[in-house]
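Peer 1: Attaching a predicted model along with its sequence, questions to come.
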Amino acid sequence: MVETVEVLLSSEDIAKRIKELGAQITKDYEGKSVVLLGVLKGAIHFTSDLSRELPLDVEINFIKPSSYGDGTVSSGTVSLDYIPTENLKDRHVIIVEDIVDTGHTAVKLKDYFADQGLASLKFCALLDKPDRREAKDLTIDYLGFAIPDKFVIGYGLDYAQRYRNLPYVGVLKGAS
Ligand code: 5GP
């Protein structure tokens, strides 16, 4: 059964903004090789589409943070279910995330990679819910869209593992 979905960002909106982000990143990293570290699973489409807007020397890899359960986030370092096997030392790395909510995941990912001897580390997110932010000192270097405090699905984002395949970002009607 497919519930009603209210479209928040159409596939055209998303494609246009990713082109703009791609142009900005291309300018910032001119002449450098870049590692995109997509955050599984939500950032699969964003990582893929963004990479195709970067006429640079690009490597794509993924990381998968462990899920924390119902929003209870420990203050320790993030634990990762999947870490790239490649050595990222001296590489220019951009973490590519689907959505920033409280910001705790983003801060922990940045902290994790901060002491890996990278040449540089930046954080890119497609979506941000600024009203939900708890990690006040988080900088999002490249942001697609700031959105209202609503639970969104589609374009990689799931509800109970469904809807990741939708080409747009929407709000699920009737989901609690
Ligand atoms: P944070 O640590 O910033 O609170 O949580 C970030 C993670 O929570 C995201 O990577 C995503 O997995 C999940 N998340 C936060 N808001 C939403 C939302 O509106 N929709 C979906 N599908 N996942 C969300």
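Peer 2: Yes, it's here.
Peer 1: Now do the strands in the protein.
Peer 2: Using DSSP state E, the strands of the chain run over 5-9, 33-39, 57-65, 80-82, 92-100, 120-128, 142-146, 152-153, 169-172.
Peer 1: need those in CSV with mean neighbour count, can you?
Peer 2: Quick note: C-beta positions are derived from backbone N, CA and C, even for glycine. As requested, the strands of the chain are exported to CSV (neighbours: other CB atoms under 10 Å):
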stretch, mean neighbour count
strand 5-9, 16
strand 33-39, 22
strand 57-65, 16
strand 80-82, 13
strand 92-100, 23
strand 120-128, 22
strand 142-146, 17
strand 152-153, 22
strand 169-172, 20
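Peer 1: Can you add distance to residue 160 and mean pLDDT and give these back as JSON lines?
Peer 2: Listed next are those as JSON lines, based on distance: least, CB to CB, whole Å; pLDDT from 0 to 100:
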{"stretch": "strand 5-9", "distance to residue 160": "14", "mean pLDDT": "96"}
{"stretch": "strand 33-39", "distance to residue 160": "19", "mean pLDDT": "97"}
{"stretch": "strand 57-65", "distance to residue 160": "18", "mean pLDDT": "95"}
{"stretch": "strand 80-82", "distance to residue 160": "19", "mean pLDDT": "81"}
{"stretch": "strand 92-100", "distance to residue 160": "16", "mean pLDDT": "98"}
{"stretch": "strand 120-128", "distance to residue 160": "19", "mean pLDDT": "98"}
{"stretch": "strand 142-146", "distance to residue 160": "24", "mean pLDDT": "98"}
{"stretch": "strand 152-153", "distance to residue 160": "10", "mean pLDDT": "97"}
{"stretch": "strand 169-172", "distance to residue 160": "10", "mean pLDDT": "94"}
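Peer 1: what does this protein put close to the ligand?
Peer 2: 42, 97-106, 151-153, 157-158 (CB under 6 Å from any ligand atom).
Peer 1: residues touching the residue most central in space within the chain, list them.
Peer 2: For the chain, residue 97 is the residue whose C-alpha lies nearest the centre (CA atoms, centre = their mean; 0.9 Å). Shown in contact with residue 97 (CB atoms under 8 Å, 6 or more residues apart in numbering): 39, 42-43, 105-106, 109, 123-126.
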